[in-house]
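1. coords please:
(2 chains)
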There are 2 protein chains.
Amino acid sequence: MPPDLPGAPALIGLDWGTTRLRVMLLDAAGNVIAIRESDEGIRRARGAFAETFAKAIAPWQAQHAGLPVYASGMITSRNGWVQTPYLPLPADAGALAAGLVRHTMPDATVIAFVPGLCDDRGTHPDVMRGEETEIVGHLAQNPQSPDDPARLLILPGTHTKWVETAQGRITRFRTFMTGELYAAMSRHSILGDLMPPHDEAAPCDREAFARGVTAAGTDGGDLLAKLFSARSLVLFERLAPAQIGDYLSGLLIGTEVAQARAAMGERGEIAGAASATACTIIGRGDLAARYAQACEAHGLVAQIAAPGAAGAGLAALHARAAQDSR
Amino acid sequence: MPPDLPGAPALIGLDWGTTRLRVMLLDAAGNVIAIRESDEGIRRARGAFAETFAKAIAPWQAQHAGLPVYASGMITSRNGWVQTPYLPLPADAGALAAGLVRHTMPDATVIAFVPGLCDDRGTHPDVMRGEETEIVGHLAQNPQSPDDPARLLILPGTHTKWVETAQGRITRFRTFMTGELYAAMSRHSILGDLMPPHDEAAPCDREAFARGVTAAGTDGGDLLAKLFSARSLVLFERLAPAQIGDYLSGLLIGTEVAQARAAMGERGEIAGAASATACTIIGRGDLAARYAQACEAHGLVAQIAAPGAAGAGLAALHARAAQDSR
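-> As a prediction, the model looks like this:
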């Protein structure tokens, strides 16, 4: 079998977040054999998790009965189905596999829920749920030996994570609320009022985005004043209304990159990566491309990781759990 | 007549913003004889400004026909009734009076619209409409002689203005989008989802606000990561859901104060006030008190100005225009 074709089904993986549910039939290496995606995230599925789960795996039930099931994401949070603890740092696949919380369904199907991670050494406690699985998957696909330097990973999203790994373990991370701020400001502020109706299919205006990144500056400061530039530049016809969204996106992501770099270098929040000149972005599509552009503008060589990290992570945790139980 | 009682009606003043309309019957010094306030801001009155104006002054029409009318605020913007230009800095009452744009109604009533101000010397153009009138009023009530040091004024609002005045002139200013960011994040983000239904009458939780100010730090940096603390502290039960709003308010206003102080000191954006150890807040109620608390926490002695700056400003511009036309 060519290496790019998946092997035999080994597990079912659930990547179950706030707004999306992805159910994957995976081989032992985490390659996707089949995938089903819906908007039945925990917000919509609330109170009917078992029913949503049963419906989601029903098409595979007859043929693949008895496969182990692994789940990660906000489904393991307080508002989710089965709550798992936050493990402290540093953490690796072994720690996460040891912390799996198993839930047995009436038909004897066992679902293993992945724990989250917490870093409580900074100015405030920081947490993740779901990203730890993607990181484990990325490290399974790109092993980090003890001699390798620390790596800097970025997982863009509503709450973007900047993560440091060393010796195959997650050693630091920091959450930035950039995506949520962009959504709130572009939909519910005077900036949103100035923006023409959004065309979801419109490509990113790279030049407007770059202007925003430049406006963010290199120190990440002064954001509250700089936000006003998205209005005043339009008022003075130096920015087109259709460009506000991508300019604002550049301003916010550029500020995030600058603030993350400062946190790395000055405060040692992501200490081992303080000297990082390269990073890997674990994410997809347009948002990953935006982060890559902003990182490059800040002198950080950015590589976008191959897709499939979540499935690879769940498979790696299954393999580790199976190994540990032997 | 005791000095605290207003004199004879001398003008009608309109403080006409995006969401509110205040119509004031003023004496020559700008003291308020009568006031009518409604939610007929320019957003609601759009397209029916003349009708809204006629209705608003109707009760005073018979008794005070022929009084000059002065208007300031967003009513002079592109989306308003009569657009006025932005004047450059430095600007004072004389420049603003010279820039008044007069509009004659069918019944011969003349409305003088106040110009806005623009500062295009910084990283992006900055503008104000309405605040210039309040500042002129404040300076009329509290004259600044040529020998007095530069003053630092703060006008809190959706778009808060930090302003420097010297020798009775507005010499610098800078807009911070803090209020708009607070509204968007508290209503349309996960932070808002975590907050209990808001009780408008509830007093500010000063301790939660102070914690937010402290969390903001002294350099104003790292806001995108610190915003996440409003969520993670709740998750770890170190902050009550009912405290999120005031904590977030403290975090944002504290960040603004720190960023404004940095802009003053390091970049000379508000140059003359770089050494300011005191400021005056032109604003009312709870929001002014919040800014005072945040300023004090940053070592800036804050005084809240007496109310009535807008009326005093319109009266001062009327007096100046009358003097200039003689």
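
2. for chain B, what is the nearest residue in the stretch 201-326 of chain A?
-> The minimum distance from the stretch 201-326 of chain A to chain B, using CB to the nearest CB, falls at residue A:229 (3.5 Å). Where you see a C-beta, it was placed from the backbone N, CA and C, and this is true even at glycine.

3. ok, now which ones touch that residue?
-> Contacts for residue A:229 were tallied using CB atoms under 8 Å, 6 or more residues apart in numbering or on different chains; they are A:215, A:251, B:123-125.

4. what about 7 Å?
-> Contacts here follow CB atoms under 7 Å, 6 or more residues apart in numbering or on different chains; on that basis residue A:229 touches A:215, B:124.

5. close to chain B: what parts of the stretch 201-326 of chain A are there?
-> When proximity is defined as CB under 7 Å from any CB of the partner chain, the stretch 201-326 of chain A approaches chain B at A:215, A:220-225, A:227-229, A:232-233, A:235-236, A:255-256, A:259, A:262-263.

6. next step: those residues restricted to helices.
-> A:215, A:223-225, A:229, A:232-233, A:235, A:255-256, A:259, A:262-263 (DSSP state H).

7. re the thing from before, in PyMOL, how would I select the buried members of the residues of the stretch 201-326 of chain A next to chain B?
-> Provided next is the PyMOL selection string for whichever of those are buried by 16 or more other CB atoms under 10 Å in any protein chain shown:
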select buried, chain A and resi 215+220+221+222+223+224+225+227+228+229+232+233+255+256+259+262+263
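
8. for residue A:278, which non-adjacent residue is closest in space?
-> Excluding the flanking residues, the one nearest residue A:278 by CB to CB, 6 or more residues apart in numbering or on different chains is residue A:301, at 4.2 Å.

9. my bad, should have said residue A:34
-> Nearest to residue A:34 is residue A:25, by CB to CB, 6+ apart, at 4.3 Å.

10. wait, doesn't that neighbour sit right on residue A:9?
-> Yes - with contacts counted by CB atoms under 7 Å, residue A:25 reaches residue A:9, the gap being 5.4 Å.

11. identify the contacts common to these two.
-> Each of A:33, A:64 lies in contact with both residue A:25 and residue A:9 under the rule CB under 7 Å, 6+ apart.

12. which one is residue A:7 nearest to, not counting chain neighbours?
-> Closest to residue A:7 by CB to CB, 6+ apart is residue A:27, at 3.9 Å.

13. which residues touch the one you found?
-> Shown in contact with residue A:27 (CB under 7 Å, 6+ apart): A:6-10, A:33.

14. filter the residues you listed to the buried ones?
-> Restricting these to buried positions leaves A:6, A:9-10, A:33, with burial counted as 16+ other CB under 10 Å.

15. nearest to residue A:297 among those residues?
-> Taking CB to CB as the measure, residue A:297 lies nearest residue A:6 of the buried ones among the contacts of residue A:27, at 37.5 Å.

16. OK, contacts around the closest one?
-> Applying CB under 7 Å, 6+ apart, the residues contacting residue A:6 are A:27, A:31-33.

17. count the neighbours of residue A:114 for me.
-> Residue A:114: 28 surrounding residues under other CB atoms under 10 Å in any protein chain shown.

18. equivalent analysis for residue A:134, please.
-> Residues near residue A:134, counting by other CB under 10 Å: 27.

19. can the helix or strand containing it be said to contact chain B?
-> Residue A:134 belongs to helix A:131-141 when assigned by DSSP states H and E. No - in terms of CB under 7 Å from any CB, no part of helix A:131-141 sits within range of chain B; the closest distance is 13.4 Å.

20. relative to the helix or strand that that helix is followed by, what are the paired strands and their orientations?
-> Counting by DSSP H and E, the next helix or strand C-terminal to helix A:131-141 is strand A:151-155. Strand A:151-155 has the following strand partners under DSSP bridges: strand A:160-166 (antiparallel), strand A:278-281 (parallel).
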